[in-house]
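*Asks:* Output the structure for:
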Amino acid sequence: MRFFLILAVFVSSPVPVSAAQAAQVYSNSFNEPVGTCYPEWSSSIISYTSTGNPPGSGTLPAPAVTNTVSPNNAQRFLGEFGGPQIGVPGDPGYNHTRVDQTISLSLSNLPVHSALQVAFDLYILKSWDGNSPAYGLDRFILSVAGGPVLLDTTFSNNRKTNTEGSYQDYPATNSLPWAGSFSTNTLGYNGFFYDGIYRLKFTFAHTGSNVTLNFRSSLFEGKGTTDESWGLDNVSVSTAP
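*Replies:* Reported below is the predicted structural model:
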């Protein structure tokens, strides 16, 4: 009698190790009571400059960063930003003053990652004039401290493109007002200019444990947030592997 020894050899296929999943490290819709402060958010000093004197050039103290509510009570959001009125009617530089303000989000103790993604709703409110030679440029810039500029563009709520050249550079050079917007005229800002909401998302290489995102406006005219302003809503930051 013969005996056969049968050896079964099982060769296992390599099982791919799934990549690390993206992780949300920050999210805020700013729905707390109006006037709530958020310690992770801060404002720069407000700087202004004009060829007319007054107002000339100068700085104002950094204001508190709080949430507010839209006129129709549809949304609470972070803002309004853009600076106060500079000067008074009759000043040589009134209505011809550039005002700059940066709102910063600072996060620390981030998990290990190779990239970050920031997503947010940008509220462009009232009389932004885009590329208008007379009343612009009205710019918005998003950058990473010590890192790249993610967006540098103009926005416009001014439909008088034929007479005032109030085109915008988002999403392409000399686009019509509100081009690429998620919605328009939904927040209850009455008047000719209304509002535009832009749903934006950017991914950038990043490996550090801390990050600061700078949201900056550079607005012309200087009549304050009653004339031109902006806000942020639904802000989230996520890691990528």
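
*Asks:* only C-alpha atoms for contact and neighbour calcs from this point on.
*Replies:* Fine.

*Asks:* What's the mean pLDDT across stretch 167-182?
*Replies:* Mean per-residue pLDDT for stretch 167-182: 98.

*Asks:* Likewise for stretch 110-122?
*Replies:* 97.

*Asks:* With stretch 55-63 instead?
*Replies:* 97.

*Asks:* List the buried residues of it.
*Replies:* 55-57, 62 (16 or more other C-alpha atoms under 10 Å).

*Asks:* Now, these that are in helices?
*Replies:* Among the buried residues of stretch 55-63, DSSP state H puts none in helices.

*Asks:* Dump the residues you listed to CSV, plus distance to residue 147.
*Replies:* Below are the buried residues of stretch 55-63 laid out as CSV (distance: C-alpha to C-alpha, whole Å):
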residue, distance to residue 147
55, 34
56, 32
57, 29
62, 23
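
*Asks:* Okay, now the unreliable bits of the protein?
*Replies:* 1-20, 241 (pLDDT under 70).

*Asks:* run the last query once more with 80
*Replies:* Residue ranges of the chain with pLDDT under 80: 1-21, 241.

*Asks:* Would you state the helices of this structure in chain order?
*Replies:* Counting by DSSP H, the helices of the chain are 161-164.

*Asks:* closest to residue 31 among the buried residues of stretch 55-63?
*Replies:* Closest approach between the buried residues of stretch 55-63 and residue 31, by C-alpha to C-alpha: residue 62, at 23.1 Å.

*Asks:* Please name the residues that touch the closest one.
*Replies:* 43-46 (C-alpha atoms under 8 Å, 6 or more residues apart in numbering).

*Asks:* can you redo those as CSV with neighbour count?
*Replies:* Listed next are the contacts of residue 62 as CSV, based on neighbours: other C-alpha atoms under 10 Å:
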residue, neighbour count
43, 19
44, 17
45, 16
46, 18
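
*Asks:* Of the residues you listed, which is the nearest to residue 28?
*Replies:* Closest approach between the contacts of residue 62 and residue 28, by C-alpha to C-alpha: residue 43, at 17.3 Å.
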